[in-house]
Every structure is written in structure tokens, then in C-alpha cells.
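[1] just coords:
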């Protein structure tokens with residue numbers, strides 16, 4: 001993927017009608033020749049980019065009392081193990097939590113309790129703490145570092161369709177940063193596909209309310 005072509009697509013996408021809110025850029029990669037009935041041909045991974053991807057990701061930590069202070073200083077919300085049972089009994093509160101937060105961090109040695117009280121609701125929404133994203137941590141983990149990493153992390157998942165779509169940046173972000181994120185993510189997608197570039201049909205870029213622009 002040539003950087004010049006990516007920058008050209010970014011500028012073309014920006015020609016869309018201006019809106020009264022900050023739009024985000026999405027990358028859409030259309031795939032081909034995959035048998036999604038085979039698990040090894042599906043995509044489901046977390047890609048770490050070099051720059052933020054738009055709206056700040058909200059992070060909730062599910063931890064024991066020993067991590068309370070470190071978590072409070074690092075993330076947006078902390079739920080201590082003593083509070084788990086209340087959420088397990090209050091489905092409405094847990095659903096609201098799942099809607100409000102993008103990532104959940106779990107203390108590894110209390111994962112069974114987290115699964116018991118939060119698993120049913122977070123699991124169906126794909127928001128259970130995921131070790132692939134580094135979200136299952138030891139009690140001495142550096143949560144500030146993890147929080148910053150999650151701001152630049154994108155989940156890539158085929159979801160039973162030969163296409164992946166992900167937020168990649170925002171409209172007033174420097175074009176060089178958007179281009180870097182696009183190229184970095186595209187490279188990781190290619191590397192995860194069984195036949196690499198041969199499994200990609202086309203790659204598109206669009207603003208939230210704009211028309212897709214092909215990156216040729």
C-alpha cells in the first residue's frame with residue numbers, strides 16, 4: 001500500500017459535506033476467497049497502531065482490593081471484587097456498564113469471580129476482558145501503560161462476513177497520522193490472512209457520514 005495513494009484517499013474523503021460534529025475515519029477492507037466456516041480463515045485479533053484512533057476509549061477495571069489504588073489512577077472506572085455480587089444481581093446496571101465502557105481489564109487471579117458475575121452480559125457483547133488485548137493482568141501490572149495502549153488498539157473481526165471495518169482516526173487529525181494508522185492496520189490484516197494480499201478485494205476509507213473512497 002503506497003503512502004501517496006493513502007493520503008490522496010484521505011483528502012478525497014475530506015471533500016464530503018462538513019457536519020456539525022467531529023467525524024471519524026473508518027477503514028473498510030473487503031475480503032475474498034475465504035471459507036469463514038473454517039476458524040483458521042476468520043480474523044479476530046487486536047492491532048496496536050502508532051496514533052490514537054478517534055474518540056477516547058473508556059476503560060473499566062475489575063480488580064481485587066490490592067489493585068484499587070493503581071487502577072483508580074489509571075483507568076476511567078474501578079469495580080472492586082467486593083462489589084461484584086451487586087452487579088451479578090443487577091443485570092440492568094451491568095448492561096449499562098457494558099454499553100458505557102469499551103474495554104474491561106481483569107485481574108487474572110480473580111477471573112473465575114469475574115466470569116461468574118459479569119460473564120453472561122459482557123460475553124455476549126464481546127467485552128469480556130480479553131488476553132489478546134492484554135486486558136487480563138497480574139496484580140503488579142502497569143495499568144497506565146495498558147490504558148495508553150488501548151487508546152491505539154483496534155479489534156479486527158470478520159463477524160461471519162468477508163469484510164472488516166474499523167475506526168482509524170478522526171477528521172481533524174494530522175493526515176500523516178491517519179495514513180500511518182491505515183498502513184499499519186492494513187499490513188497487519190494482510191499478515192493475518194491465509195493468502196495475504198490475494199484475500200483482499202479492495203480497501204475503502206470513509207468519514208462517518210461520507211461516501212466510501214477506494215484506496216487504489
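    That came through, no problem. Note that this is a predicted model, so its numbers are computed, not measured. Residues are numbered from 1 along each chain as shown.

[2] Could you pull up the residues touching the residue lying closest to residue 125 once chain neighbours are set aside?
    Once flanking residues are discounted, residue 125 sits nearest to residue 98: 5.1 Å by Cβ to Cβ, 6 or more residues apart in numbering. For every residue, glycine as well, the C-beta is placed using N, CA and C. By Cβ atoms under 8 Å, 6 or more residues apart in numbering, the contact set of residue 98 is 121, 122, 125, 127.

[3] cool, residue 136 as well?
    Here residue 136 is in contact with 105, 106, 108, 111, 129, 130 (Cβ under 8 Å, 6+ apart).

[4] In this structure the fifth one contacts residue 135, no?
    Read that as residue 129. Yes: the pair residue 129 and residue 135 passes the contact test of Cβ atoms under 8 Å, sitting 4.3 Å apart.

[5] shared neighbours, those two?
    103, 104, 105, 106.

[6] Secondary structure class of residue 92, three-state.
    Here residue 92 takes the helix state, with states given by DSSP: H, G, I helix; E, B strand; the rest coil.

[7] one step back: which helix or strand contains the residue nearest to residue 125?
    Under DSSP states H and E, the secondary-structure element containing residue 98 is helix 91-100.

[8] Show me what the residue positioned nearest the centre of the chain bridges to in the sheet.
    For the chain, residue 154 is the residue whose C-alpha lies nearest the centre (Cα atoms, centre = their mean; 3.3 Å). In this entry, residue 154 is beta-bridged to residue 47, by DSSP bridges.

[9] What pLDDT does the model give it?
    If you check residue 154, the pLDDT there is 95.

[10] again, but for residue 1
    Residue 1 is given a pLDDT of 88.

[11] That one: what's it in contact with?
    182, 183, 186, 187, 203, 215.

[12] Am I right that residue 202 is in contact with residue 214?
    Yes: here residue 202 lies in contact with residue 214, judged by Cβ under 8 Å, at a distance of 5.7 Å.

[13] Sort out which residues of the helix ranked longest in the chain are buried, please.
    Secondary structure of the chain per DSSP state H: the longest helix is helix 175-192. Judged by neighbour count (16 or more other Cβ atoms under 10 Å), helix 175-192 contains these buried residues: 177-186, 188-190, 192.

[14] Please, where are all the helices along the protein?
    Under DSSP H, the chain gives helices at 3-13, 68-74, 84-89, 91-100, 111-124, 143-150, 175-192.

[15] The first one to helix 175-192, inter-axis angle?
    In other words, helix 3-13. 120 degrees (axes from the mean of the first three to the mean of the last three Cα atoms, to 10 degrees).

[16] again, but for the fourth one
    If you take the same axes, to 10 degrees, helix 91-100 sits at 110 degrees to helix 175-192.

[17] Report the distance from helix 91-100 to the chain centre.
    When C-alpha coordinates are averaged (Cα atoms, centre = their mean, to the nearest Å), helix 91-100 and its chain have centres 19 Å apart.

[18] Let me know the average pLDDT across that helix.
    96.

[19] thinking again about what came up before, can you pick out the most distant pair from the contacts of residue 1?
    187 and 215 (13.0 Å; Cβ to Cβ).
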